[in-house]
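1. predicted model follows, preceded by the sequence.
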Amino acid sequence: MKFSKFISYFLHPINFPIIGTILYFLLIPEYIFKPQEHLIITVILLFTYAFPLILLLLLKRFKMIDSYHMVTIEERKFPTLLFVSISFILGNWLYKSNIVDILSLLYFGYGLGLLFSYLLLHYKLKISLHTSAAGGLISFIIYFSYTYQLNLIVLISILFILSGLIASSRLRLKAHNVSEVLLGFLFGLVSQLIVYTIYYII
């Protein structure tokens with residue numbers, strides 16, 4: 001049980017955008033000026049990590065949520081919609097920079113996946129955001145490797161193993177049932193593929 005809690009905290013959905021961003025800069029074969037790279041990472045840390053943590057503290061402080069895990073469907077609605085907005089804002093900013101357009105797709109994909117998640121909340125379905133984030137990162141790395149013709153099979157395999165650990169942890173903690181875990185992973189994968197397809201066609 002302790003290991004499951006560790007996995008759920010360490011591989012929390014809030015961590016995946018910055019993990020994806022760091023992997024992008026580590027793996028991209030093109031040169032990017034370090035000041036630009038540092039600026040992008042700093043902005044992303046502020047918007048996807050620092051700001052959401054402060055928000056969660058405020059929501060808990062004013063009793064808008066009972067738990068940081070946002071167990072109930074109603075508790076999830078506002079934060080999910082906010083994360084949708086943050087993801088699309090960051091995606092648009094990165095895309096317009098004309099430097100890291102592929103990285104922008106990671107955020108558009110996460111935004112779309114979160115939008116799907118938000119819509120499903122109105123049908124009383126709470127998919128796993130943990131597995132959705134993991135599936136999204138896997139999909140991103142797959143089309144990243146395709147775009148730059150890189151062999152990243154080892155990394156992708158490791159991410160699949162981590163996704164399995166995340167899924168089993170969420171089930172062991174009884175945070176989700178099997179269908180919510182699988183749907184989360186599927187929506188994460190598909191959302192990224194949709195935005196990449198649109199980008200590729202355009």
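-> Now that the structure is in, tell me what you want to look at.
2. what sits closest to residue 17 if chain neighbours are left out?
-> residue 48 (4.3 Å; Cβ to Cβ, 6 or more residues apart in numbering). Glycine gets a C-beta too; all of them are placed from N, C-alpha and C.
3. average pLDDT for the helix or strand hosting residue 166?
-> Using DSSP states H and E, residue 166 maps to helix 153-172. The pLDDT scores in helix 153-172 average 95.
4. what packs against the following helix or strand past it?
-> Next in sequence after helix 153-172, counting helices and strands by DSSP H and E, comes helix 178-201. On a contact count with 3 or more Cβ pairs under 8 Å, 6 or more residues apart in numbering; DSSP states H and E, helix 178-201 meets helix 101-121, helix 129-148, helix 153-172.
5. between those, which gets nearest to residue 92?
-> In terms of Cβ to Cβ, the element of the helices and strands packed on helix 178-201 nearest to residue 92 is helix 101-121, at 7.4 Å.
6. now do that closest one: which elements does it pack against?
-> helix 16-27, helix 73-96, helix 129-148, helix 178-201.
7. highest average neighbour count across those helices?
-> Mean neighbours per residue, mean count of other Cβ atoms under 10 Å, is largest over those for helix 129-148, with a mean of 23.
8. which residues touch stretch 182-189?
-> Under the criterion Cβ atoms under 8 Å, 6 or more residues apart in numbering, residues 113, 116-117, 125, 127-139, 163, 167, 176 lie in contact with stretch 182-189.
9. picking that back up, just say helix, strand or coil for the residue nearest to residue 17.
-> Under DSSP: H, G, I helix; E, B strand; the rest coil, residue 48 falls in the helix class.
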